[in-house]
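Asker: structure of the sequence below:
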Amino acid sequence: MATLNCLRALGVDWRWRDESTLSVRGRGRHALREPDRVLECRNSGTTMRLLAGLLAPQPFFSVLSGDRSLLSRPMARIIRPLRLLGADVSGRGGDTRPPLAIRGAPLNGVRYRMPVASAQVKSALILAALYASGETVLEQPGPTRDHTERLLGAMGAAVRSDGSTVSVAPLASDLSPLALHVPGDISAAAAWLILGACHPDAELHLQGVGVNPTRTGILDVLRLMGADVALEEERTWGPEPVADLTVRSSRLRGAIIEGELVPRAIDELPLVALAACFAESETVIRDAAELRVKESDRIRATARELRSLGADVRELPDGLHIRPSGPLHGAAVSSHGDHRLAIMLALAGALATGETVVRNAGAVAVSYTGFWRDLDLVSVARSSRAGRGREAC
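Answerer: Numbers count the residues shown, from 1 in each chain. Predicted coordinates for the structure are as follows:
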């Protein structure tokens, strides 16, 4: 909704046809208009970073802002490379934090090696590069999710990927519209994969989940830990691969999570830490320093809150070290206003003995507005099966 509201302020027409079908009428690559107010990105780092790339070449002035959490997020990682393309972008704190002020300027193609593997930064630069004079080549230190490349390619843009290198040619004409069925979010599905694997008597089926290989690090992590997860009915929706997932109660083992696996599972690592609490041996998560600059310091907050529930979790500079410690017990914990932590802690409470109170639990709405409804569905299934002589979810 943050993105949609910003687009409306830029002159883009859209409407909901029903509760899950959105119609957007494009204005063409040169028809956006100067907004008459600050563009509020709310809590969405994706909105701010991608719009910064889109607005950098537009012939007008714009300002991107957000809530307190977003105003603390690092933005130098997009300001610096956008300036290399010729953009006029500035921020606060030595051009490191939002709000972002953007004065549209002509852009030139460049070759840029990204210091951090970030799909948001890459996507911002791709959107800017579509308006540049000359080809732009982006070199990544590791693979990142490629939804932007797939979608733009399906709409006619000349975006090519070769390993960790992405090449972008300027648009020769307007992008072609398309009809798109959006796959289920694997980050949301990960919550139920973790719950199903950790619960002692569970079987959960998740339909229509996106299994783009740049996003399926959580599936690889769970397989590494011995989880019983199966992909069924694999198919394609537009440019994206999709499958139905089934997870069953599993005997988990510890694992070392590091290297190229981390960017492909970065949003799910707090959930991985929860799963590690139920493994039979220790788990180490490394190379995940990026977690410290999300909506919260997810390394510190995950360690702190899981310890409150009785877990043996040690904070590392770039990750976590989790040792088996027996059952979790209920406690009062805090999401720190972070949607990923709110979901993880709610699931931890469902798996713990006794009552767990999650403060600031409303943060789940940032990425998963139906989370509590779906948790209720799992609870109903559990109660129903328990009434037939077995406990399950």
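Asker: what residue ranges in the stretch 251-393 of the chain score low on pLDDT?
Answerer: Counting by pLDDT under 70, the stretch 251-393 of the chain has low-confidence residues at 380-393.
Asker: now do 90
Answerer: In the predicted model, the stretch 251-393 of the chain carries pLDDT under 90 at residues 260, 263, 295, 325-326, 377-393.
Asker: distance of Leu39 from Glu258?
Answerer: Computed with Cβ to Cβ, to the nearest Å, the distance linking Leu39 and Glu258 is 38 Å. Heads up, the C-betas are built off the backbone N, CA and C, glycines and all.
Asker: and what of Asp201?
Answerer: 32 Å.
Asker: helices along the stretch 251-393 of the chain, start to end?
Answerer: 269-276, 298-308, 339-351, 371-386 (DSSP state H, counting those that start in this stretch).
Asker: the residue nearest to Arg15 when sequence neighbours are not counted is in what secondary structure piece?
Answerer: Take Arg15 and drop its neighbours on the chain: the residue closest to it by Cβ to Cβ, 6 or more residues apart in numbering is Ser23, 5.5 Å away. Of the helices and strands defined by DSSP states H and E, Ser23 is found in strand 21-25.
Asker: contact partners of the following helix or strand past that strand?
Answerer: Next in sequence after strand 21-25, counting helices and strands by DSSP H and E, comes strand 39-40. Contacts of strand 39-40 with the rest of the structure, by Cβ atoms under 8 Å, 6 or more residues apart in numbering, involve 2, 5-6, 9-10, 51, 62-66.
Asker: of the residues you listed, which pair is most distant in space?
Answerer: With Cβ to Cβ as the measure, no two of the contacts of strand 39-40 lie farther apart than Leu10 and Gly66, at 16.3 Å.
Asker: so this structure: which segments form each domain?
Answerer: Residue ranges for the structural domains of the chain, counted by automatic domain parsing, are given in the record as 2-168, 186-386.
Asker: and those domains: which comes nearest Pro177?
Answerer: Put simply, out of the domains of the chain the one that sits nearest Pro177 is domain 2-168, at 6.0 Å, with distance taken as Cβ to Cβ.
Asker: so what strands line up beside the strand holding Ser23?
Answerer: When pairing is defined by DSSP bridges, strand 21-25 lines up against strand 13-18 (antiparallel).
Asker: quick one: mean pLDDT over the strand it pairs with.
Answerer: Averaged across strand 13-18, pLDDT comes to 96.
Asker: export stretch 305-313 to PDB, keeping only CA atoms.
Answerer: Extracted in PDB, the C-alpha atoms of stretch 305-313 (Å, rounded to 0.1, in the frame of the first residue of the first chain):
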ATOM      1  CA  GLU A 305      14.300 -12.700  22.900                       C
ATOM      2  CA  LEU A 306      15.000 -16.400  22.300                       C
ATOM      3  CA  ARG A 307      17.100 -16.400  25.500                       C
ATOM      4  CA  SER A 308      14.100 -15.100  27.300                       C
ATOM      5  CA  LEU A 309      12.300 -18.200  26.200                       C
ATOM      6  CA  GLY A 310      15.000 -20.400  27.600                       C
ATOM      7  CA  ALA A 311      17.100 -21.000  24.400                       C
ATOM      8  CA  ASP A 312      20.900 -21.200  24.400                       C
ATOM      9  CA  VAL A 313      21.700 -18.500  21.800                       C
END
